[in-house]
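**Q** Give the three-dimensional model of this entry:
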Amino acid sequence: MAFRGKEMMKKVLKNVGEKNLAPGLKESLKKCIPDSKVVMGRAKRGLFAGRHIQFGNRISEDGGNKSRRTWKPNVQEKRLFSYVLDRHIRVKVTTHALRCIDKAGGIDEYLLKTPYHKMDTEMGLYWKSRIEKMYEELGKREVVFFSPEDEARFEQRFKDLKVAERTARRDARRQMSGWSDKQKEIEEGQVVDQLTDEEAAAEWAANS
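**A** Have a look, this model is predicted:
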């Protein structure tokens, strides 16, 4: 169940890559990770937020006899959405870690706010270093703002695309269901008849 911090550091650097780490991050990782630390084995593959296996005694009600027992954390497998990575992360988390993530405002904020010495799992260190690297890259990008006219033009184009997709789906459904050309002509004829009736009513109103 116990593993050494040096081995943990090697695995994190192997998974993330030394080139992908932010400047000065490797030194801070070495300072935060102790040489030896006791963490349960499956906690390496999830976010446990300090909750690990506990040991104690089971005391009988009659004679007060003690027998050794363990308490394991409540671990759930969840899909958490990361706005920085723009995708879901499937990870095993404890219920305490879920409450911490909700309180922080998301998986990205939780990983950024939690210091390295409290992130006692390999997966937590891996995702924390990766998201910090992504944040650094996003900070270097240029931000472009559009004028209101451009935004209105973009919205109109999106609406036109939606209408075109809707008509394409309708035509495909009609073609699959055996929609004949005669029914199309009937529909077009009804539209023409309605137009002629409206024109006749308008002429009658003008003459009267």
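
**Q** Mind jotting down where the helices sit in this structure?
**A** Counting by DSSP state H, the chain has helices at residues 5-16, 25-32, 95-104, 107-113, 122-140, 148-176, 181-207.

**Q** Kindly check the end-to-end length of stretch 55-63 for me.
**A** By C-alpha to C-alpha, to the nearest Å, the extent of stretch 55-63 from end to end equals 21 Å.

**Q** Next: stretch 101-110.
**A** Span of stretch 101-110 from end to end, C-alpha to C-alpha: 5 Å.

**Q** rewinding a little: out of the helices of the chain, name the one with the poorest average pLDDT.
**A** Here the helices of the chain differ in mean pLDDT, and the lowest is helix 181-207 at a mean of 59.

**Q** For Arg90, see how far away Lys133 is.
**A** Separation of Lys133 from Arg90 (C-beta to C-beta, to the nearest Å): 20 Å. The C-beta positions use only the backbone N, C-alpha and C, and glycine is treated the same way.

**Q** Those two: which is more packed in?
**A** Neighbours per residue, other C-beta atoms under 10 Å: of Lys133 and Arg90, the larger number sits with Lys133, 18 against 8.

**Q** And that one, how far from Val12?
**A** Lys133 is 13 Å from Val12, by C-beta to C-beta.

**Q** Same question for His52.
**A** On the measure of C-beta to C-beta, His52 and Val12 end up 19 Å apart.

**Q** quick one, which of the two is more surrounded?
**A** Neighbours were counted for His52 and for Val12 using other C-beta under 10 Å; Val12 has more, 21 against 18.

**Q** Next up, the contacts around the more buried one.
**A** 29, 122, 125-126, 129 (C-beta atoms under 8 Å, 6 or more residues apart in numbering).

**Q** now Glu155
**A** Contacts of Glu155 were listed using C-beta under 8 Å, 6+ apart, and none were found.
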